[in-house]
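In: Just to be clear, the model below is a prediction. Sequence and coordinates:
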Amino acid sequence: MWLEAFGLIAAVLAVNMVFVVGAKICFEHLKRQSETLLGKYFGILMRTNALLIGAIGVEMVVHGIEQVLGEA
């Protein structure tokens, strides 16, 4: 069970890294007049991504605490 969880976390982090690196590469290639607008969109996307990852992390911590307290 813990091996599956570790694999899932690693996969999510890998997808996140690919997304952020891809966004950085796209952002560097598109430095034109629309740079400020593009920067705002990427900022929104990255904040949304951080919120999602944070929510998953909190859920995992709460679930772990519930399991520990349930076993005691």
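Out: Perfect, I can see it now. Everything numeric in this text was worked out from a predicted model, so none of it was measured.
In: Next, the buried residues of the helix or strand in which Ala5 is found.
Out: Here Ala5, judged by DSSP states H and E, is contained in helix 2-29. Using 16 or more other C-beta atoms under 10 Å as the test for burial, helix 2-29 gives Ala23. In this view, the C-beta of every residue, glycine as well, is placed from N, C-alpha and C.
In: Just after it, pick out the following helix or strand.
Out: helix 35-71.
In: helices or strands next to the helix holding Ala5 in the packing?
Out: helix 35-71 (3 or more C-beta pairs under 8 Å, 6 or more residues apart in numbering; DSSP states H and E).
In: other SSEs contacting the helix it packs on?
Out: So helix 35-71, by 3+ C-beta pairs under 8 Å, 6+ apart, packs with helix 2-29.
In: what angle separates the helix it packs on from helix 35-71?
Out: Counting by axes from the mean of the first three to the mean of the last three C-alpha atoms, to 10 degrees, helix 2-29 lies at 170 degrees to helix 35-71.
In: Under the pLDDT cut-off, which ranges of the chain? List them.
Out: Counting by pLDDT under 70, the ranges of the chain that qualify are 31-35, 71-72.
In: neighbouring contacts of stretch 4-22?
Out: The contact list for stretch 4-22 (C-beta atoms under 8 Å, 6 or more residues apart in numbering) reads Met46, Asn49, Ile53, Ile56.
In: Please report how far Gly70 lies from Ala23.
Out: 40 Å (C-beta to C-beta, to the nearest Å).
In: How about Met1?
Out: 33 Å.
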